[in-house]
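Participant: here are the coordinates; sequence isn't available:
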């Protein structure tokens, strides 16, 4: 390494480190802005979303009259009748409908669910989803929780009904004692709602939990948007300095490498800081990534390691864009457009399974799409050996083009 | 209107006869002969440069000796900065030579970077970094220490603001730092593009004082300027017009100089 190259590299690294607070500040502001915008959009679209019905199958022991009342109520309640449609069916039929995409999922009611509930013998309800239905998880979970609440309410009504019936027709029993006994048993056996249902995904090859999917999506989107935050590093770049360095023997390739190394270091340090903060804060907020377990676990470490090539590749892409558009306004604008377009196509904002086939295929070969898949693979523990070379290939390509542009600019 | 004294042989040839191709060739031969016999330390010969279709320099030539200061004048966009950037190696000429004691510096980048220092009009500095950080880029460790203690950096007063970030330096300090960085290789030729533009009087005098001492020590200064004080520093003057350099005289009368630059023509319009 020549003396001047080394000194320029140190200079750029020093500059990048000095810019960390500013870059983190800009990124934080962007994050808050994006969060607020997302919140406003989701509020605006809430009424539209409410009109989109999802279909859920109900299989298993649905003969119980209490359950029938619960299903009927669920379909009639204001809170759910616009968003959910329940279809009673056989399990095989439900599985076929699930594969065909006609159902979002189905609920399997175990044999003697209500009787078991009354006797304190819990048989959990199972919710089965398909692999592409990641985005519906929360919604369905909420609906099931709501259904169970409804069941509890109806069970209470049944207890009071039984009490009144006893008062009218069974003279040998004190109706109030009988009612109290039923309520006590009900409280004892049913109120532990956590044991009443669970969500189970079908376990197809590409399936990720909602939290896992969004971890990958938010990570890639965050890295893409990071380029905007890094504008202070590029917007005040001195063209005079570039020319003088070139004249003194530090050519385009050496300059590109030094500046890119500093940009990468800035990105990786910030990712480390944000990662450590997220690792501390997410468990406290009750957010758990099922596939990841603890961040210090094997998968957690693997995920963090995989962030390095992803970060480096995205940094190379952003570096190229700043080389193409060196002005502040043009640079920020192109970074934003790139982040939104690639993030959208890669499925960072909506699961890519929502998109038409052509868009899915296009998104999958875009740099951000490859990055997304690479991160998903680390959570799923599946191997696609070509993803890492593809990431590195993109990185190399971007750097070569950036060096070419710099060389052309300096060779005037 | 009194014309400036013209010394360029090609222009003499153009003035005394119709500009036929044959005559121009004769003039070129004459110029080549003169150049061959020219014993000046620095010879800039027929530098040509075009941007796309626009021919900015059509054959700029002049010569100068060590221990002198040459002023280059011209209207905006006449190609003064382009010429300086070519001599500094920042831009590449289409053709031409820059001979320094017999070596063509345009073809010997290593020799050029040792012999030539360039201080551009803008600041080739990074705002977030300190003066010391910049000096560390351009100077070897040992040289830096010596220069700060008893060399050009001390002379320029850079030791006074070594650890201050560039963003907090005044215009004069930035210019001194730029000069300090440029002087890292102890060059013989200093190329200056409007070095004291927009500086206050104190800052200007401090920098001009350094240039005077540099010249007196045997250095060659090539200054692109519009500034009276900088013009006074120069020993010879050249006007860049139509892509060529024409020697001219300056006796302290700015009005006359302005007229020779084409100022009177503008007033008529």
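Facilitator: Thanks, I have the structure now. Please read these numbers as outputs of a predicted model, since none were measured by experiment. Numbers count the residues shown, from 1 in each chain, chains lettered A, B, ... in the order given.

Participant: Now do the strands in the stretch 1-150 of chain B.
Facilitator: Secondary structure of the stretch 1-150 of chain B (DSSP state E, counting those that start in this stretch): strands at B:42-51, B:54-64, B:69-73, B:95-100, B:103-104, B:116-119.

Participant: again, but for the stretch 151-300 of chain A
Facilitator: Assigned by DSSP E, counting those that start in this stretch, the stretch 151-300 of chain A shows strands spanning A:197-201.

Participant: Return the residues of it in contact with chain B.
Facilitator: Residues of the stretch 151-300 of chain A found near chain B (CB under 8 Å from any CB of the partner chain) are A:236, A:238, A:240-241, A:243-244, A:246-249. For every residue, glycine as well, the C-beta is placed using N, CA and C.

Participant: ok, 7 Å please
Facilitator: A:236, A:238, A:240-241, A:243-244, A:247-249 (CB under 7 Å from any CB of the partner chain).

Participant: burial of the closest residue to residue B:216 other than its chain neighbours, as a residue count?
Facilitator: With sequence-adjacent residues excluded and distances taken as CB to CB, 6 or more residues apart in numbering or on different chains, residue B:216 is closest to residue B:67, at 7.2 Å. Around residue B:67 there are 16 other residues, counting by other CB atoms under 10 Å in any protein chain shown.

Participant: now swap in the one 3 residues further on and tell me
Facilitator: Taking other CB under 10 Å as the criterion, the count of residues near residue B:70 is 22.

Participant: Does it touch residue B:64 like I think?
Facilitator: Yes. Contact status for residue B:70 versus residue B:64: in contact at 4.8 Å, counting by CB atoms under 7 Å.

Participant: tell me, what's touching these two both at once?
Facilitator: By the contact definition CB atoms under 7 Å, 6 or more residues apart in numbering or on different chains, residue B:70 and residue B:64 are jointly contacted by residue B:236.

Participant: circling back: please tabulate the strands of the stretch 1-150 of chain B in a markdown table, including the columns distance to residue B:156.
Facilitator: Listed next are these as a markdown table, based on distance: least, CB to CB, whole Å:
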| stretch | distance to residue B:156 |
| --- | --- |
| strand B:42-51 | 24 |
| strand B:54-64 | 24 |
| strand B:69-73 | 18 |
| strand B:95-100 | 24 |
| strand B:103-104 | 28 |
| strand B:116-119 | 11 |
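
Participant: Next, format the ones you listed as CSV and append mean pLDDT and distance to chain A.
Facilitator: As requested, the strands of the stretch 1-150 of chain B are exported to CSV (pLDDT from 0 to 100; distance: least, CB to the nearest CB, whole Å):
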stretch, mean pLDDT, distance to chain A
strand B:42-51, 91, 8
strand B:54-64, 91, 11
strand B:69-73, 93, 18
strand B:95-100, 92, 13
strand B:103-104, 90, 15
strand B:116-119, 94, 7
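
Participant: Out of these, flag the one nearest residue B:133.
Facilitator: Counting by CB to CB, residue B:133 lies closest to strand B:116-119 out of the strands of the stretch 1-150 of chain B; the figure is 18.4 Å.

Participant: Now list the buried members of the residues of the stretch 151-300 of chain A next to chain B.
Facilitator: Neighbour-count burial (16 or more other CB atoms under 10 Å in any protein chain shown) is assigned, among these, to A:238, A:240-241, A:243-244, A:247-248.

Participant: Output those residues in a markdown table, with pLDDT appended to each entry.
Facilitator: What follows is those, written out as a markdown table (pLDDT from 0 to 100):
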| residue | pLDDT |
| --- | --- |
| A:238 | 81 |
| A:240 | 87 |
| A:241 | 90 |
| A:243 | 90 |
| A:244 | 91 |
| A:247 | 89 |
| A:248 | 88 |
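
Participant: Which of those fall in helices?
Facilitator: The members of those that map onto helices under DSSP state H are A:240-241, A:243-244, A:247.

Participant: and the stretch 51-200 of chain B, which of its residues are near chain A?
Facilitator: Selection of the stretch 51-200 of chain B residues close to chain A by CB under 7 Å from any CB yields B:88-92, B:109, B:113, B:118, B:120, B:122, B:124-129, B:133, B:136-137.

Participant: If any of those are buried, give me the PyMOL selection for them.
Facilitator: Remark: buried members of these, expressed as a PyMOL selection using 16+ other CB under 10 Å:
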select buried, chain B and resi 88+89+90+91+113+118+120+124+125+126+127+128+129+133+136+137
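
Participant: from the residues of the stretch 51-200 of chain B next to chain A, which ones fall inside helices?
Facilitator: Judged by DSSP H, helices contain the following of those: B:88, B:109, B:113, B:133, B:136-137.

Participant: Looking at the strand or helix carrying residue A:85 now, give me its mean pLDDT.
Facilitator: Assigned by DSSP states H and E, residue A:85 belongs to strand A:84-88. The pLDDT scores in strand A:84-88 average 78.

Participant: same deal with stretch A:179-191?
Facilitator: Rounded mean pLDDT across stretch A:179-191 is 67.

Participant: same thing with stretch A:97-107?
Facilitator: Mean predicted confidence for stretch A:97-107 is 77.

Participant: Tell me the residues of the stretch 301-412 of chain A that contact chain B?
Facilitator: Counting by CB under 7 Å from any CB, the stretch 301-412 of chain A sits next to chain B at A:411-412.

Participant: hmm, back to that, can you point out the buried residues in the helix or strand following the strand holding residue A:85?
Facilitator: The helix or strand immediately downstream of strand A:84-88 is helix A:91-99, counting by DSSP H and E. Across helix A:91-99, burial judged by 16+ other CB under 10 Å covers A:94-95, A:97-98.

Participant: Stretch A:350-368 now?
Facilitator: In stretch A:350-368, counting by 16+ other CB under 10 Å, buried: A:351-352, A:355, A:363, A:366-368.

Participant: go on, stretch A:62-69?
Facilitator: Within stretch A:62-69, the residues that count as buried by 16+ other CB under 10 Å are A:62, A:64, A:66-67, A:69.

Participant: can you put these in a markdown table and add secondary structure?
Facilitator: Below are the buried residues of stretch A:62-69 laid out as a markdown table (DSSP: H, G, I helix; E, B strand; the rest coil):
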| residue | secondary structure |
| --- | --- |
| A:62 | coil |
| A:64 | coil |
| A:66 | helix |
| A:67 | helix |
| A:69 | helix |
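
Participant: any idea how far residue A:348 lies from chain B?
Facilitator: 31 Å (CB to the nearest CB, to the nearest Å).

Participant: Surely that residue touches residue A:223?
Facilitator: No. Taking CB under 7 Å as the definition, residue A:348 is not a contact partner of residue A:223, at 9.7 Å.

Participant: higher neighbour count, the two?
Facilitator: Using other CB under 10 Å as the criterion, residue A:348 and residue A:223 rank with residue A:348 on top: 29 against 26.

Participant: Just the local confidence number for the more buried one, please.
Facilitator: 85.

Participant: Angles on the backbone of it, please.
Facilitator: With angles defined as degrees, to the nearest 10, residue A:348 sits at phi -70, psi -30.

Participant: what separates it from residue B:253, distance-wise?
Facilitator: Plainly put, residue A:348 is 70 Å away from residue B:253 if you go by CB to CB, to the nearest Å.

Participant: what does residue A:361 give?
Facilitator: 76 Å.

Participant: Can you lay out the buried residues of stretch A:62-69 as a markdown table showing distance to residue B:168 and pLDDT?
Facilitator: Listed next are the buried residues of stretch A:62-69 as a markdown table, based on distance: CB to CB, whole Å; pLDDT from 0 to 100:
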| residue | distance to residue B:168 | pLDDT |
| --- | --- | --- |
| A:62 | 76 | 76 |
| A:64 | 78 | 74 |
| A:66 | 76 | 70 |
| A:67 | 74 | 74 |
| A:69 | 76 | 70 |
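
Participant: Columns distance to chain B on top of the residues you listed, output as a markdown table?
Facilitator: Formatted as a markdown table, the buried residues of stretch A:62-69 follow (distance: CB to the nearest CB, whole Å):
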| residue | distance to chain B |
| --- | --- |
| A:62 | 68 |
| A:64 | 71 |
| A:66 | 70 |
| A:67 | 68 |
| A:69 | 69 |
